[in-house]
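**Q** what follows is a predicted structure for the sequence shown.
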Protein chains: 2
Amino acid sequence: MNHENLTNISELGEFGLIDHLTRDIKLNQPSTVMGVGDDAAVLKTGGKKYTLVSTDLLIEGVHFDMVYTPLKHLGYKSAIVNFSDMAAMNGVPKQIVVGLGISSKYTLEALEEFYAGLKKACELYKVDFVGGDTTSSVHGLFISVTVIGEVEKDKIAYRKGAKPGDLLCVSGDLGGAYMGLLLLEREKTVFQANPQAQPELEGKDYILQRQLKPEARVDIVETLKKADVIPTSMIDISDGLASEALHLAKSSEVGVAIYEEKIPIDQLTFDTAREFKIVPSVAALNGGEDYELLFTVDQKDYDKIKVIPELRIIGYISDAAEGNRLVTPDNHIVELTAQGWDALKK
Amino acid sequence: MNHENLTNISELGEFGLIDHLTRDIKLNQPSTVMGVGDDAAVLKTGGKKYTLVSTDLLIEGVHFDMVYTPLKHLGYKSAIVNFSDMAAMNGVPKQIVVGLGISSKYTLEALEEFYAGLKKACELYKVDFVGGDTTSSVHGLFISVTVIGEVEKDKIAYRKGAKPGDLLCVSGDLGGAYMGLLLLEREKTVFQANPQAQPELEGKDYILQRQLKPEARVDIVETLKKADVIPTSMIDISDGLASEALHLAKSSEVGVAIYEEKIPIDQLTFDTAREFKIVPSVAALNGGEDYELLFTVDQKDYDKIKVIPELRIIGYISDAAEGNRLVTPDNHIVELTAQGWDALKK
């Protein structure tokens, strides 16, 4: 093998790598409805509903920093990021299995904290912890969570399905998790320079919680059901609004337009972004880990959506030929691009 | 927190740790039939069959050594060890999702090799690869595979269910994977001392394959079905015969007796064990990763079992009060104990 021709994986990035490795996957099981390429795989297991499966890895030093991540929160978040994948299919989580690779620096008491957080999330979201694998690792903590969920067959929402004219909607507010991360990173730097320094985190609860202990918007799935709205497409926002909007557009073979001034941003997120000299909407567009839902609905559902306080209409879907656009507050149109958080490309 | 009172996880070992962390897990979903404590979780998803879910981690430096593990074989084995968990429930694998954490030393071409092995296993076992998560890791390769399978409700075999008088059966032969590992470790040592040395692996294909590219006994599930035999209990042999027999006995609240001379051992395994000055039956009892099936059947099924060439009856089930016993070839009875391979206890 000629080593000079080998390809470094960082050249492809996470999405490029997955596309490349899974491009010739063949599906043979009649029970597989949808394989690689959405927030979850969709299986037909013989009942009235579809079964959903999704898996996520959290790796120490990549997805979390033990310097400022309480293990209980980490356990909670490990479950939540997977529950969010079920919500992204308009479904609900039902069971999880957890794989843990643990280096010798972790004590039983530390793992108990992790499990306490995991169990808390399961309790609140009514999910059963049904199995796992626990083993040692040479370096650090590796967490793998797989979630099983379900969705009514006629209510499932894929990344594909958005059509020109549809409204682009988002739940909650964006950018907060990223601001929480910047704050924690800043305090870590201060602490490393001067271990006597007191952390300046007062009044920052909301964005710290967005980063350390997020929630999954399974409640929005219920809200949409009650409002009798089925999204035409849906994704959860783990890598930033821009990145996810582009995923929806690409999967649906359409164009997307986002009005910058419509992006919901919490006041504390806004103020913290300014403090860090970041344009708040840039934090919302490119900061990851908000775990809100981004989805499209048919225009006929406008009246049903506009009365739901947790939801904002932030743009619309057009033909693919129109491209993906960001409309600035002064009505300039720029191309929507994603600098999103990509663990393989830093 | 008083650090002197913290518990090192190696004191508990893998099974102790899992027992400890999962002891107060509550199940709330009516769709959960069986949670933690068997080879797979069992879910009721509304169809005629049960849905099975199991997850396994493979971590570089713990479960495999990149010095002598071809990535294609590793991909194959990662799938197989999970398929084996489905067979252990008397079920069949249907879909897998794969999480990969990759350090920067891996190239795209290396990952393609890994995926080629994974896809090969999926193709041969008619399993669909339906999703995953790929991300970077700080150190080494971290593999998490979750498998979804199914089993007819009236044919499911748990670890519990064995009753006094049942026959203890095993598929294939045992100890080979461990002998393959010892051989590879020896060649690694030789190579490290003298990189010019040629590996002495000729004629050792069988045990090398048992270690590097094992198979899952899904065929035995089919064989038992055709023979109209439903095991009263079952487990797959990943940690050694002794360890798994004790699991069956504990879960079923019975005692187990194994006749040492009945344990099936391949000639090459036997010869290699002697070469390494290991008693061959000790290798079979305590060497891991054979991925054969260990199960119990009612005595009435004796005639059906004895004619199946891939199966051996190696012992029987007794009352718990009789303890767990190994009957030596000279008819001595010793207590059956497990030194099995426990990744958290080395």
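**A** Received, thanks. Note that the structure is predicted; figures quoted are calculated from it, not measured.

**Q** any idea of the mean pLDDT for stretch A:95-112?
**A** Taken as a whole, stretch A:95-112 has an average pLDDT of 91.

**Q** give the buried residues for that stretch.
**A** Residues of stretch A:95-112 classed as buried under the neighbour-count rule (16 or more other Cβ atoms under 10 Å in any protein chain shown) are A:95-103, A:106-108, A:110-112. For glycine as for every other residue, the C-beta is placed from the backbone atoms N, C-alpha and C.

**Q** which of these come close to chain B?
**A** When Cβ under 8 Å from any Cβ of the partner chain is applied, the members of those adjacent to chain B are A:95, A:97-102, A:106-108, A:110-112.

**Q** for those residues, which one is nearest A:V42?
**A** Nearest to A:V42 among these, counting by Cβ to Cβ, is A:Q95 at 16.0 Å.

**Q** and the closest one, helix, strand or coil?
**A** strand (DSSP: H, G, I helix; E, B strand; the rest coil).

**Q** for it, what are its contacts?
**A** A:V127, A:D128, A:F129, A:V130, A:V147, A:I148, B:Q29, B:S31, B:T32, B:A41, B:L43, B:V53 (Cβ atoms under 8 Å, 6 or more residues apart in numbering or on different chains).

**Q** same question, A:T32
**A** A:A41, A:V42, A:L43, A:K44, B:K94, B:Q95, B:D128, B:V130.

**Q** without its sequence neighbours, what residue ends up closest to the last one?
**A** With sequence-adjacent residues excluded and distances taken as Cβ to Cβ, 6 or more residues apart in numbering or on different chains, B:V130 is closest to A:A41, at 3.6 Å.

**Q** per-residue pLDDT, the one you found?
**A** A:A41 is assigned a pLDDT of 95 by the prediction.

**Q** the one 3 residues further on now?
**A** Reading off the per-residue confidence, A:K44 sits at a pLDDT of 93.

**Q** quick check: A:K72 is in a strand.
**A** No. Going by three-state DSSP, the assignment for A:K72 is helix, not a strand.

**Q** what sits closest to it if chain neighbours are left out?
**A** Counting by Cβ to Cβ, 6+ apart, the residue nearest A:K72 is A:G117, at 3.9 Å.

**Q** which single residue of the stretch 151-300 of chain A ends up nearest chain B?
**A** Evaluated by Cβ to the nearest Cβ, the stretch 151-300 of chain A has A:S238 as its residue closest to chain B, separated by 10.6 Å.

**Q** that residue reaches A:G287, doesn't it?
**A** No. Under the contact definition of Cβ atoms under 8 Å, A:S238 does not touch A:G287, with a separation of 10.8 Å.

**Q** more neighbours, these two?
**A** Neighbour tally, A:S238 and A:G287, criterion other Cβ atoms under 10 Å in any protein chain shown: the higher count belongs to A:G287, 31 against 22.

**Q** isn't that one up against A:G240?
**A** Yes. Using Cβ under 8 Å, A:G287 makes contact with A:G240 at a distance of 5.8 Å.

**Q** what is the burial count for A:A121?
**A** Neighbour tally, A:A121, other Cβ under 10 Å: 24.

**Q** and the helix or strand encompassing it, what does it pack onto?
**A** With elements delineated by DSSP states H and E, A:A121 resides in helix A:108-124, which encompasses its position. With contacts defined as 3 or more Cβ pairs under 8 Å, 6 or more residues apart in numbering or on different chains; DSSP states H and E, helix A:108-124 has these neighbours: helix A:71-87, strand A:92-102, strand A:128-136, helix B:13-22.

**Q** mind redoing it with 10 Å?
**A** The criterion is 3 or more Cβ pairs under 10 Å, 6 or more residues apart in numbering or on different chains; DSSP states H and E, and the helices and strands that helix A:108-124 contacts are helix A:71-87, strand A:92-102, strand A:128-136, strand A:142-152, helix B:13-22.

**Q** now do the same contact list for A:A121.
**A** In this structure, A:A121 makes contact with A:75-83, A:93, A:96, A:127, A:129, A:213, A:215-216, judged by Cβ atoms under 10 Å, 6 or more residues apart in numbering or on different chains.

**Q** any idea how far A:L184 lies from A:I207?
**A** As for A:L184, its distance to A:I207 is 9 Å (criterion: Cβ to Cβ, to the nearest Å).

**Q** can you give me the angle the strand or helix carrying A:I220 makes with helix A:108-124?
**A** Assigning secondary structure by DSSP H and E places A:I220 in helix A:218-226. Between helix A:218-226 and helix A:108-124, the angle formed by their directions is 10 degrees, by axes from the mean of the first three to the mean of the last three Cα atoms, to 10 degrees.

**Q** and the helix or strand following helix A:218-226, anywhere near chain B?
**A** Using DSSP H and E, the helix or strand that follows helix A:218-226 in sequence is strand A:233-236. No. For strand A:233-236, no contact with chain B is found by Cβ under 10 Å from any Cβ of the partner chain; the gap never falls below 13.5 Å.

**Q** so for strand A:233-236, mean pLDDT?
**A** Along strand A:233-236, the predicted confidence averages to a pLDDT of 98.

**Q** just checking: what are the partner strands of it?
**A** Strand A:233-236 has its sheet partners listed here by DSSP bridges as strand A:293-297 (antiparallel).

**Q** please compute how far the very next helix or strand once past the strand it pairs with lies from its chain's middle.
**A** Towards the C-terminus, the helix or strand next in line after strand A:293-297, according to DSSP H and E, is helix A:302-306. Using Cα atoms, centre = their mean, to the nearest Å, we find the averaged C-alpha position of helix A:302-306 to lie 24 Å away from the chain's own average C-alpha position.

**Q** list the buried ones in the helix or strand following helix A:302-306?
**A** Proceeding N to C from helix A:302-306, the next assigned helix or strand is strand A:311-319, under DSSP H and E. Within strand A:311-319, the residues that qualify as buried are A:L311, A:R312, A:I314, A:G315, A:Y316, A:I317, A:S318, counting by 16+ other Cβ under 10 Å.
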